[in-house]
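Chemist: Take a look and give me a structure for this.
(2 chains)
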Number of protein chains: 2
Amino acid sequence: MPNNKNNGEILSQEETEKRKRKIAFWEHKKYICLVKRIDIKTGKNIIVLNTDEAKENDIYGGYRVVLKHHDKELISIVDLSSEMVKKGEIGIFGDVGEALGAKDGDIVQVQQMERPASNEYIRRKLDGEGLSENQIKTIITDLMMNRLSEAELSALITAVYIRGMGEDETVAFTNSIVDSGETLTLGVEPIADKHCIGGVAGNRTTMVIVPLLAASGIYIPKTSSRSITSAAGTADTMEVLAPVDFSIAELKEVVMKAKGAMVWGGGMNIAAADDKMIKIRQPLSLDPRGLLLASILAKKKAVGAKYVAIDIPIGRGAKVLDMERAELLGQDFIKIGKRLGMTVETLITDGSEPVGNGIGCGLECKDVFEVLEGKGPDDLRNKSCLIAGKILELVGKVAEGDGIDVAEHMLQNGKAMEKMREIIELQGGNPKVKIDDLPIGQYKYTVKAEKDGKISHIDNKGMNKIAKAAGSPRDKGAGVYLYRVKGEKVKTGDVLFDIYAESEAKLEFAIKGLEVWEPIELEKFLLSTLR
Amino acid sequence: MPNNKNNGEILSQEETEKRKRKIAFWEHKKYICLVKRIDIKTGKNIIVLNTDEAKENDIYGGYRVVLKHHDKELISIVDLSSEMVKKGEIGIFGDVGEALGAKDGDIVQVQQMERPASNEYIRRKLDGEGLSENQIKTIITDLMMNRLSEAELSALITAVYIRGMGEDETVAFTNSIVDSGETLTLGVEPIADKHCIGGVAGNRTTMVIVPLLAASGIYIPKTSSRSITSAAGTADTMEVLAPVDFSIAELKEVVMKAKGAMVWGGGMNIAAADDKMIKIRQPLSLDPRGLLLASILAKKKAVGAKYVAIDIPIGRGAKVLDMERAELLGQDFIKIGKRLGMTVETLITDGSEPVGNGIGCGLECKDVFEVLEGKGPDDLRNKSCLIAGKILELVGKVAEGDGIDVAEHMLQNGKAMEKMREIIELQGGNPKVKIDDLPIGQYKYTVKAEKDGKISHIDNKGMNKIAKAAGSPRDKGAGVYLYRVKGEKVKTGDVLFDIYAESEAKLEFAIKGLEVWEPIELEKFLLSTLR
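Modeler: Residues are numbered from 1 along each chain as shown, chains lettered A, B, ... in the order given. Modelled structure (predicted):
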C-alpha cells in the first residue's frame, strides 16, 4: 500500500524501509578532511578531493558529496586531484568556503551522496519517456540545490532538444521555474508583458511599448536581459537613461507609481532555475522548444502578467527561419500560456533586417526618443504601435482593430513620452534628458557603396558584430547608424551606414570587422548557391 | 573549386579566404593578464577570468580561449569570477600553469577562440544527421586538445545514445580513438584478445585465458581496467601477483618473451580519447551502443589483435538484460570488428549470478590458481575453457568444436600454470607464489540461511557492494567467498558465504551492508510483482 511520499513519489512500505536502510548505511561511509581554501570563486559548488582517499570512500569524479561543517551542510560536485590535494585534505573554493563558513585548517565532514532522483528522471527522458509534474519539480529542486553536474544538466537539455516536451511537461517545467525564484505580486490589474524571441538588431520596441501602455493604464513591470551575443540588450540600452539593477521590492515601488518599469531581469532572483539552464544552453546554442517556452513564460508568470504579446521575427538571419516553424511555436505559446492563466498573442514579424536606424545603446535610445516624439524610424514606430495596440486590444481597453491607431495617438499626443520621463525619474535617471544628451561615440567611420546596386540583404548578425566590435554594449556611444533598408537602390559612393566608437582603436577594430562580416549585400541573386 | 583542406573538410576558395580573414580579425581581439596561480590540479584545462574584463573581450563562461606564454600555447575553457580574479588577472590552475610554464605574476596573452568545428558537428548529430569520417576525426582531435567542454561532450554522448550510430560512424569513431593514443606493434602473429562486457561478480576468466592461450602459442597482450563500480577489476586482481603498471614498450618486452601479459590499460596511453569519454559516461551511466563498441574495439585494435572473443553476460543484474539485445550487440561486434580487420566471436553467457567462489582480489586469485591447477570452481573453469577454446578455433590452432577440450587439457597438463608463473615473473612478481600465500583478510563473518529454501537469486551488484564495503579492491584480502549457486536447496543455518576484511571496522561496515543489499534471495517466486 502506498503510504509515504518522497520527492513527491509514492513509495511502498517496503521501498520506504529500503531507502531508510540505505541512507542509514551511507551515514557510516563518511570521513573528515582538513580544509585547504582555494582563494577563488567559480560560481559552482565544486570541491577537490584526493583521488586515492576519495576512491577508498567510494567517491569518484563527478559524484556528489554532502559536506558538513558545524551546523552547516552543503552538496557539492567532486573534482579529483592526485598531487595538490593530499590525503586528509579537501580543496574548497571561495563559494563553498563561504557557504560553509569554513576556513583553512577547519575540519569538514565528507559523505557520499546517493545519485539524486533526478539523475534517473533524466535517464527516462533520454529513453523517450515523459516526465511527471513531480519528477520535473524534483529535477528543478536538484538543479537549485546544485546536485546536478554540468554534464547531467547538458544531458537533460540535449534530451529535451531531441525528444521534445509534451504540453503537460512544458507547463510543469514553467511552474517549477517560477517556483524556483521570487515572484512579483502587485495586487492590481490588468498586468501585461511582452517578449521578443530576439536576433533582430536595433529592435528596441520594448522601450516604446512600456511607457505607451503604462500611459494607457496598463501595468507592465518589464524585466529585460542584457546582451549575450547581440550588440545591446534592452537592459543595456535602458541603462543609458536610468539605473536598471533593482530588487523585486524596488521594482514594485516603481510600478505601483508609474504602472511601468524597465529593469534588468538578471539582477533579480526571478525564475532562478532558468538562469542556471541558460548557462549551459548558451555555449551549446541549444534552444529546445519546450525549454524556450518555459523560460520565457516563467518570467512572464513570475511578474504576474495576464496578457502577453510574443514577437517572433522570421527570415534570413533571424532565430526562427520560416513561417511554418514560427506558427508552430506561436501556437505553443498560446496553448501553454492559456494553461498558465495567460492570454497570449503571438505576432510573427519580418526579422530579416534590422529595425530602426541605431544599433548600440545610445543610438537605439535616439531612435526610441524620436519614436516617442511621434517621429523616428517608421519601422520601429509601426512595429511598436502594432504590438502595443495588440495588447490594448487583448486587455479590452480598445476595440479589436483599433489598437494600432490608439497606440499611434499616444505617441502623437505626448503621453507616452511623458510616461517615459516619469519612469526614468522613478528609476533614478534624469527625466529632462534630451536627444542631444544621448551618448554618441566621437570616432566615426562612414561606409559607402562600392558599386551601384540594389540592397538585397542587411545582416542582423553582421551588424551586431560590428556594433560589438566598436564597443557596444559597454561603450554606450558605440554602434552602427543605418541609413538604408532592404530593397533600396544605391549608387557608388552613397552612404550606407556610420560606425561610431568611443576610442580610435575600437573604431579600427570595427572597420577590420567589415572584411569579415559583410553586413550589407548588394544584388546577390543566386543566394542559394553563392555561399 | 575545392582547393584547400581544413580539419579534413574541403573548402572553397571563397570560404578559405573568409576563414583567414576571420582568424586575422580575432588576432586583434586579445589581451594580456597577470597570472594568479591556483595551487591545485583539476585534470582539466580550465582558467578563471574576471567576468567584466572577459565580457569586454567578448568572452563568456564556457567559451574557449587560446593562452600564450613565451613560445607555449594552450587552449582552455573559461570559468568566470567577479571578485577573486580582478581585472588584469587570470586564475590559472596547476595543470594549465605547468603546461604553459607560467608562474605568479607572469604575463599571459588571452585570445578568444572561435567555436571549434566539432561544436557544429555535435549539433548535427543532435539533429539526427550522420557524421562523416573527417567530422568524427575532428571531434576526437578537439576532445584531445581540450577544446570541448564537459557540457558539449555530454551533449555528444547523449545524442549518440538517443540517435544511435551507423556502421560507418562506429568504424570512424573506433579508428579515431585508436589514433588518439599510442599503439602496440608486435610484428608477430597470431595476436588475440578477449573482453567481457562486465557486471558479473568474480568473473575472472581473463587470468585463466591469457596464460592458457600464451602457452598454446597465441600472443595475447591483455590490457585490463581497474574496478570502477565492481568489487575488483582484472588489473586490481592481477596486482596481487605482480605489478600491472607498464608502458607500451615494457608491455611489448613481456609479450615478446612470454606471448602473454596482463597489465593495467589505464596506465598506458592507448585509446586515450576513450578515457576522456568514459569520465563523462560513467557518472551518467550512459553506455550508448556505438560508443561501447568503439571503446572496446579500439582497445583491441590498438594492441594489434586480429582474433577477438567478446563475452556478453545476460540475465537479471547483468548489464545486458536479455538474449535479443545481446544478439544485436553481438552481431554489431562481429560486423564492426570485420570492418576493422578483426575476426570477432561473441559468446552470450549466463550473467545472472557470480562466477567462481571468490569476489575480491585475493579470493579471486585463489579461484584462478585452483582453476589453473585443473580444479577450482567448475563455472569459472568451464567458462574460461569455453572462451579460450573459441579463440583457439578462431586462430585455427584446433579444429572447430575441439577448442574447449584442448583448453581443458592445457589446464590439466600444467602448461597454463607454468605460463602463468612465467608471466608473473616477467611482470616483476614472485613466480613461486602458492595459494596459501594469497592475501585473505583475517576478519571473517559467516552468513547463514535464516530459513529453509531454494536459492532463487544471487545478486551480482549486491555481492560487489558487500565486497567493496569490506575493503575491496584496495584491501587485497577483502571480499566475499560464496559457497552456493542458484537453484541450490539450503536448510536453516547452512553457510551461504563468508565475508573477509582486513579490519574490524570494514567488516562491520560490510555486515551493515547486508541489510541494504540482500545479496542472496530465497524462493521468490513472484519476482515480477514483488519488487
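Chemist: Excluding chain neighbours, give the residue nearest to the residue most central in space within chain A in space.
Modeler: The residue lying closest to the centre of chain A (Cα atoms, centre = their mean) is residue A:225, at 5.5 Å. Nearest residue to residue A:225, sequence neighbours excluded (Cβ to Cβ, 6 or more residues apart in numbering or on different chains): residue A:233, at 4.8 Å. The way it works is simple: take the backbone N, C-alpha and C, and place the C-beta from them, glycine included.
Chemist: The one you found: what's it in contact with?
Modeler: Contacts here follow Cβ atoms under 8 Å, 6 or more residues apart in numbering or on different chains; on that basis residue A:233 touches A:224, A:225, A:226, A:227, A:473.
Chemist: swap in residue A:80?
Modeler: With Cβ under 8 Å, 6+ apart, residue A:80 has these contacts: A:48, A:49, A:50, A:51, A:54, A:60, A:61, B:43.
Chemist: could the residues you listed go into JSON lines alongside neighbour count, distance to residue B:301 and secondary structure?
Modeler: Shown next, in JSON lines, are the contacts of residue A:80 (neighbours: other Cβ atoms under 10 Å in any protein chain shown; distance: Cβ to Cβ, whole Å; DSSP: H, G, I helix; E, B strand; the rest coil):
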{"residue": "A:48", "neighbour count": "25", "distance to residue B:301": "35", "secondary structure": "strand"}
{"residue": "A:49", "neighbour count": "27", "distance to residue B:301": "35", "secondary structure": "strand"}
{"residue": "A:50", "neighbour count": "21", "distance to residue B:301": "35", "secondary structure": "strand"}
{"residue": "A:51", "neighbour count": "20", "distance to residue B:301": "29", "secondary structure": "helix"}
{"residue": "A:54", "neighbour count": "25", "distance to residue B:301": "32", "secondary structure": "helix"}
{"residue": "A:60", "neighbour count": "18", "distance to residue B:301": "27", "secondary structure": "coil"}
{"residue": "A:61", "neighbour count": "20", "distance to residue B:301": "27", "secondary structure": "coil"}
{"residue": "B:43", "neighbour count": "16", "distance to residue B:301": "26", "secondary structure": "coil"}
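Chemist: Alongside chain B, which residues does the stretch 51-200 of chain A contribute?
Modeler: In this structure, the stretch 51-200 of chain A approaches chain B at residues A:55-56, A:58, A:60-63, A:79-85, A:91, A:94, A:119, A:122-123, A:126, A:128, A:149-155, A:157-159, A:161-163, judged by Cβ under 8 Å from any Cβ of the partner chain.
Chemist: Apply 6 Å and report the result again.
Modeler: A:56, A:62, A:79, A:81, A:83-84, A:91, A:94, A:126, A:150-151, A:154-155, A:158, A:161-162 (Cβ under 6 Å from any Cβ of the partner chain).
Chemist: circling back: with the contacts of residue A:80 in mind, which one is nearest to residue B:186?
Modeler: Comparing those against residue B:186 with Cβ to Cβ places residue B:43 closest, at 31.6 Å.
Chemist: Can you show me the strands along the stretch 51-200 of chain A?
Modeler: With DSSP state E, counting those that start in this stretch, the ranges of strands along the stretch 51-200 of chain A come out as A:64-69, A:72-81, A:89-93, A:107-112, A:192-196.
Chemist: okay, residue A:231: pLDDT?
Modeler: Reading off the confidence values, residue A:231 has pLDDT 89.
Chemist: Can you name the residues that contact it?
Modeler: Neighbouring residues of residue A:231 by Cβ atoms under 6 Å, 6 or more residues apart in numbering or on different chains: A:359, A:360, A:464, A:467, A:468, A:472.
Chemist: Check the gap between the closest residue to the third one other than its chain neighbours and chain B for me.
Modeler: Excluding its sequence neighbours, the residue lying closest to residue A:464 (Cβ to Cβ, 6+ apart) is residue A:231, at 4.5 Å. Here the criterion is Cβ to the nearest Cβ, to the nearest Å. By it, residue A:231 lies 11 Å from chain B.
Chemist: Residue A:234 and chain B, how far apart?
Modeler: Taking Cβ to the nearest Cβ, one finds residue A:234 at 17 Å from chain B.
Chemist: For the residue nearest to residue A:464, give me phi and psi.
Modeler: The phi/psi pair for residue A:231 (degrees, to the nearest 10) reads phi -70, psi -30.
Chemist: next one: residue A:506
Modeler: Per-residue torsions, residue A:506: phi -70, psi -30 (degrees, to the nearest 10).
Chemist: Test my guess that it contacts residue A:470.
Modeler: Yes - the pair formed by residue A:506 and residue A:470 meets the contact definition of Cβ atoms under 6 Å, at 5.5 Å.
Chemist: Which one's more surrounded, the two?
Modeler: For residue A:506 versus residue A:470, neighbours defined as other Cβ atoms under 10 Å in any protein chain shown are more numerous around residue A:470 (30 against 22).
Chemist: Could you tell me which of the residues of the stretch 51-200 of chain A next to chain B count as buried?
Modeler: Buried members of those, counted by 16 or more other Cβ atoms under 10 Å in any protein chain shown: A:62, A:79, A:81, A:84, A:91, A:94, A:126, A:150-151, A:154-155, A:158, A:161-162.
Chemist: any chance of these in a markdown table, plus pLDDT?
Modeler: Output for those, formatted as a markdown table (pLDDT from 0 to 100):
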| residue | pLDDT |
| --- | --- |
| A:62 | 76 |
| A:79 | 84 |
| A:81 | 81 |
| A:84 | 76 |
| A:91 | 89 |
| A:94 | 77 |
| A:126 | 94 |
| A:150 | 84 |
| A:151 | 87 |
| A:154 | 92 |
| A:155 | 93 |
| A:158 | 94 |
| A:161 | 93 |
| A:162 | 94 |
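Chemist: Narrow those residues to those in helices?
Modeler: A:94, A:126, A:150, A:151, A:154, A:155, A:158, A:161, A:162 (DSSP state H).
Chemist: Tell me the one among those residues nearest to residue A:458.
Modeler: residue A:161 (30.4 Å).
Chemist: Look up the closest residue to that closest one, ignoring the ones flanking it.
Modeler: residue A:288 (3.8 Å).
Chemist: try residue A:401
Modeler: residue A:393 is the one closest to residue A:401 (Cβ to Cβ, 6+ apart), at 7.6 Å.
Chemist: wait, is the one you found part of a helix?
Modeler: Yes - Residue A:393 forms part of a helix when assessed by DSSP: H, G, I helix; E, B strand; the rest coil.
Chemist: returning to that earlier point: and the gap between the residue nearest to residue A:161 and residue B:336?
Modeler: Residue A:288 sits 31 Å away from residue B:336, going by Cβ to Cβ, to the nearest Å.
Chemist: ditto for residue A:34
Modeler: Residue A:34 is 49 Å from residue B:336, where distance means Cβ to Cβ.
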